[in-house]
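1. Output the structure for:
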Amino acid sequence: MSNKKYTKLAVLSLLGVMSLVGCNSSSDEIYAKPTNYEDSVVTIKNDAGEEQDVHNNILSIIYDSMHDGSVPSKVLEKVLYKYAESIVGVYNKYTAKGEDVITLEEAANDSSANHEKINQFIKVHKAYWLYNEDGEHIKEDGTVIGEKEEWTPCDTERNNVKSKLDAIELRIAEEMYSKATTGSYTEKHFFKELDLVKALYKDNKKVDYEGAKAAGLLPTLVDYQLEESEVFDTTKGLLHREFYQDKDATERKFTYIEDELIPTIYNDLLIEQYLLDEDLAAVRNSRARKINVIKIEKYSSFTNNADLLIKHLVNAIYENAVTAATTNDGIETKTSVIEQTYDKLFDTYAIVNKGLYTQISNNADATAVVNDLKQAASDIYELKSYTYGTAPDDVTLNYYNNTAYGDLVKDFEKFLSAENYEELDSSLYNKFTGSGKTTYEEGLDQATIEIDQTKSITKGWFIQSTQPSLDGNGTINDRLFKLSVANNKYEVGGEDDSAGTDDALIASNLETLTERDRIVKDGSTWKVRDAVSDKENKYICSINGAYFLKFEGQYSQDDWTNDIVYDDGDAYYIVNVLEAVKDNKLRAKGDYSYSKLRGTSFLNEVIDEISKKVAETGSYASLAKEHWLKQMDITYHDQKVYDYFKDNYPDLFD
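-> Numbers count the residues shown, from 1 in each chain. I've put the predicted structure just below:
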């Protein structure tokens, strides 16, 4: 992934663009077109000097996009987008604009026995080639491929193509999720998709407004547990993809995703490709972590609920025996099962912590936890009720005492029981009526939704330079990003290779690692060791194959099982470390490489996540643009465009 040579791209003509376009022209204004409107705007040659076909390669494509003004920057973005397509591949048939090219979508979905389409695609897109550490193009067995040698793409390279399409689809979902959950389209926690489609339609974007109107869309309550990747899910998602992208239509009409999202995503990929080619160390040394963190808040002045709940969760973690599952490829995926297991476990305890009666009663696992805690102490999660209104229209609210929802119901009772203005608490009046703008029933509903959507779980990928927001004083991050975490968080106890030959190695490493982390296996049970070893890891421990941050001295007291709990005074935290990346995991080969332990697709997924986050830091965007512009060997034919490039990228003109 380093030192790869990309073909020079020469911009031959941007002739007269600035002089022909009015900077403030309206969208319906008639404007002149240059005489070379249909001429090629770029030429791309391969290393042998042979001219290559470039779809969509006419001046009109860039010229038409200039009509709204901001010409020089538009020239830059359009040229970079076209260059990104030459590296990544054209997204789909619509973005190919009728050109006879194999698209990324076609290549990734090629299921033919001889892989004809995907192999042809790979041969003209070097970004998917397999390279060794010296930047040489190699076969699957490590043999170097000569510059003009005939070769057939390997499985790893084909997986690279499929991974890239998956990454782009994820980014589309993330961008649309952001539009749905931020801004004016979500009000009081309810998303109004019709408002979003209408706004885009009025802005002349190609969306299916008529279809959205006909669908009879109602405001949708945003599920705080919804993953960004699930935004288009047909059962629990927020958006209907067909309003923004009619992929199956014979004649495309709704192309918002291709027109508005894909160019930005491709330009971001160009920045990340620069990192992978020119500064791979920044990716490998980013100290990336994939985490799943639960926060158990101490509600009210009565903290016994939270105290016992966190102890109950700790016991559940120690008793949790996760077994491996086998994928269709025959690979043991214990790490994946651990992730799913703790997703479910943490969600269960988050539900209990908030104390919403309906949520708990509809969740068998949460109900079991509450029943367990009740047996531990009679006043813990005590079920109570409050009734208001007049029969037969009276309403009964069930709640658990000394929880967030319990406190809310008590405040509501206090608000309704005020007999006169002097007794009325103004803060409660504002809370339950929106300062007089809503009914108190609606105010109660909104306050209940606020509790339901309180962020109790933080999960996903993070790097040291853009750390997650967890506890207020940063103590968790200080420990999470220690090198010692990555040094001891290997795939032991996790994955076997497809042949299952790593069993003995994994068993050996697991026993060695856990022995100095206080957790030892005694027959079929796991227990805390009786003595502390000098070699004990101070930052991370392994429990039944899952890894957790340690906070010795914070909450543990004399019970070492509580080392995995951090107490900041207002809440308890447990941090499940799913992945802790170091250099050797991101290499193509090696005993601890993700490609060996988890497969090429997983390696690509990790690299995509990390490079995306690293690219958002520092000055990589500017450095990447300058790098790719140098590759293009641009010839300028307009003074203002020339001045813009020279002012912003002076090193191009040295």
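
2. shaky segments in the stretch 501-650 of the chain?
-> Filtered on pLDDT under 70, the stretch 501-650 of the chain yields the residue ranges 501-536, 552-561, 633-639.

3. Swap in 50 and give it another go.
-> 501-518, 526, 531 (pLDDT under 50).

4. list the helices and strands the longest helix seen in the chain packs on?
-> Counting residues, the longest helix in the chain under DSSP state H turns out to be helix 155-181. On a contact count with 3 or more C-beta pairs under 8 Å, 6 or more residues apart in numbering; DSSP states H and E, helix 155-181 meets helix 104-108, helix 116-123, helix 193-202, helix 262-278, helix 600-615. (Each C-beta comes from the backbone N, C-alpha and C, glycine too.)

5. Distance to Glu382 for these - can I get that in JSON lines?
-> Below are the helices and strands packed on helix 155-181 laid out as JSON lines (distance: least, C-beta to C-beta, whole Å):
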{"stretch": "helix 104-108", "distance to Glu382": "55"}
{"stretch": "helix 116-123", "distance to Glu382": "62"}
{"stretch": "helix 193-202", "distance to Glu382": "41"}
{"stretch": "helix 262-278", "distance to Glu382": "52"}
{"stretch": "helix 600-615", "distance to Glu382": "44"}
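
6. For Glu626, which of the ones you listed is the nearest?
-> Of all the helices and strands packed on helix 155-181, helix 262-278 sits nearest to Glu626, with 9.3 Å by C-beta to C-beta.

7. Now do the closest one, average pLDDT.
-> The pLDDT scores in helix 262-278 average 91.

8. Ok, stretch 102-112 next?
-> pLDDT averaged over stretch 102-112 gives 94.

9. Kindly check the end-to-end length of it for me.
-> End-to-end distance for stretch 102-112, by C-alpha to C-alpha, to the nearest Å: 14 Å.

10. Now that stretch: buried residues?
-> Ile102, Thr103, Leu104, Glu105, Glu106, Ala107, Ala108, Asp110 (16 or more other C-beta atoms under 10 Å).

11. Now stretch 469-489: buried residues?
-> Leu470, Asp471, Ile476, Asn477, Arg479, Leu480, Phe481, Lys482, Val485, Ala486, Asn488, Lys489.

12. Adding distance to Leu218, write the residues you listed out as TSV.
-> What follows is the buried residues of stretch 469-489, written out as TSV (distance: C-beta to C-beta, whole Å):
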residue	distance to Leu218
Leu470	36
Asp471	38
Ile476	40
Asn477	41
Arg479	45
Leu480	41
Phe481	44
Lys482	48
Val485	46
Ala486	47
Asn488	50
Lys489	45
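
13. and Lys247, what is it in contact with?
-> Contact partners of Lys247, counting by C-beta atoms under 8 Å, 6 or more residues apart in numbering, are Asn92, Arg241.

14. so it, which of the three states?
-> coil (DSSP: H, G, I helix; E, B strand; the rest coil).

15. What distance do you get for it to Phe121?
-> According to C-beta to C-beta, to the nearest Å, Lys247 and Phe121 sit 19 Å apart.

16. What of Tyr299?
-> With C-beta to C-beta as the criterion, Tyr299 and Phe121 are 56 Å apart.

17. Neighbour count: the two, which is higher?
-> Set Tyr299 next to Phe121 and count neighbours by other C-beta atoms under 10 Å: Phe121 wins out with 25 against 22.

18. Wasn't Tyr405 part of a helix?
-> Yes: looking at Tyr405 with three-state DSSP, it is inside a helix.

19. With adjacent residues omitted, what lies nearest to it?
-> Gly355 (4.4 Å; C-beta to C-beta, 6 or more residues apart in numbering).

20. Taking helix 600-615 as reference, get the angle to the one helix or strand Gln631 maps to.
-> Following DSSP states H and E, one finds Gln631 within helix 620-632. Using axes from the mean of the first three to the mean of the last three C-alpha atoms, to 10 degrees, the direction of helix 620-632 lies 110 degrees away from that of helix 600-615.

21. Could you pull out the buried residues of the helix or strand following helix 620-632?
-> Once helix 620-632 ends, the next helix or strand along the chain (criterion: DSSP H and E) is helix 639-648. Neighbour-count burial for helix 639-648 flags Val641, Tyr642, Tyr644, Phe645 (criterion: 16+ other C-beta under 10 Å).

22. repeat for stretch 274-292
-> Neighbour-count burial for stretch 274-292 [16+ other C-beta under 10 Å]: 274-280, 282-284, 286-292.

23. Over to stretch 414-431?
-> For stretch 414-431, by 16+ other C-beta under 10 Å, it's Phe415, Leu428, Tyr429, Lys431.

24. Those in helices, which ones?
-> Phe415, Leu428, Tyr429, Lys431.

25. Once you drop chain neighbours, what's closest to Asn160?
-> Tyr128 (4.2 Å).

26. let me redo that: Asn305
-> Asn402 (5.2 Å).

27. ok, now Asp259?
-> Closest to Asp259 by C-beta to C-beta, 6+ apart is Lys206, at 6.1 Å.

28. and the one you found, backbone torsions?
-> As for Lys206, its main-chain torsions (degrees, to the nearest 10) stand at phi -90, psi 80.

29. Number of residues surrounding it?
-> 19.
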